[in-house]
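Student: have a look at this prediction, sequence included:
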Amino acid sequence: MTRRRPPARRRTRRPSRRQQQRDAQLVVFAVVAAAVVSLVVMVVNWLLAHWWVLVVASVLGVLAGLGWLYHRQQQARWETVRAQGLRYGLAQLDALHHARFEDAVRELMRRDGCQDAQRVGGAGDLGADVKATDPFGRRWVIQCKHRRHGARGSAVGTPDLQVLNGTARQVHGADIAVIITNGRVSGPAVTFAKQQRLHVVDRQTLATWAAGSRPLWELLRAIPPPRRSSSLS
């Protein structure tokens, strides 16, 4: 008789290293989750036993929120007061760098209620240094010409106005195109501005506007009618 060979033992497959790492991560996750749940239960039980802590924390949170809201309101009020009281003298404007002069014009427009006033002057500005929308919906495009020596500097001439005239309406969509300078404006430039419905703010008009509280549109003639009604009307 032939003897039967005993069946060969199947080799047990050892788990791979990646599987071992996954198992270890699952164990760690389960331990951490159990610890977190236990901690949450302990905290909840402690708070239920000491309910007054929740009351105190709620009151403090409400007070902190009210304090933050009050601070924001006060800050907004002071910003409004500061903007309304913004003033510049000609000596201050003369001493500014030309970029800071553009900033000053932007701030004055904001003082007058043009909340979106922004300085866009720089390389490739296409004749626009400041853009703004007044409370009546009119779009302003302003070109600034700062003269370091004020009235003793070179006069703003017709070529400067020609640049503004060529881009203000066609490129920037202006309702009102303005050139502002702390210096002089030549006679031919003033004539050209009238012919092309451009507005010139010379040194005298700038002094009145910057040192006072009247908006610029009240100091200029032949301003287009409002696009929309406003509380200022």
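Tutor: Noted; the coordinates are in hand. Residues are numbered from 1 along each chain as shown.
Student: from here on, contacts and neighbour counts on C-alpha atoms
Tutor: Will do.
Student: where exactly do the helices run in the protein?
Tutor: In the chain, the helices defined using DSSP state H lie at 17-49, 51-84, 90-94, 98-111, 158-167, 187-195, 203-211.
Student: which of those has the lowest mean pLDDT?
Tutor: When these are ranked by mean pLDDT, helix 51-84 comes last with a mean of 74.
Student: okay if I get the helices of the chain as TSV plus distance to G150 and mean neighbour count?
Tutor: Shown next, in TSV, are those (distance: least, CA to CA, whole Å; neighbours: other CA atoms under 10 Å):
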stretch	distance to G150	mean neighbour count
helix 17-49	72	12
helix 51-84	25	12
helix 90-94	6	16
helix 98-111	12	21
helix 158-167	17	17
helix 187-195	17	15
helix 203-211	8	18
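Student: could you export the ones you listed as a markdown table, including distance to W217?
Tutor: Shown next, in a markdown table, are the helices of the chain (distance: least, CA to CA, whole Å):
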| stretch | distance to W217 |
| --- | --- |
| helix 17-49 | 63 |
| helix 51-84 | 16 |
| helix 90-94 | 20 |
| helix 98-111 | 10 |
| helix 158-167 | 18 |
| helix 187-195 | 16 |
| helix 203-211 | 10 |
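Student: closest one to E218 among those?
Tutor: Evaluated over the helices of the chain, closeness to E218 peaks at helix 203-211, with 9.4 Å, by CA to CA.
Student: and the angle from that closest one to helix 98-111?
Tutor: Orientation check (axes from the mean of the first three to the mean of the last three CA atoms, to 10 degrees): helix 203-211 against helix 98-111 gives 60 degrees.
Student: can you give me how far helix 203-211 is from the chain middle?
Tutor: Distance, stretch centre to chain centre, for helix 203-211: 27 Å (CA atoms, centre = their mean, to the nearest Å).
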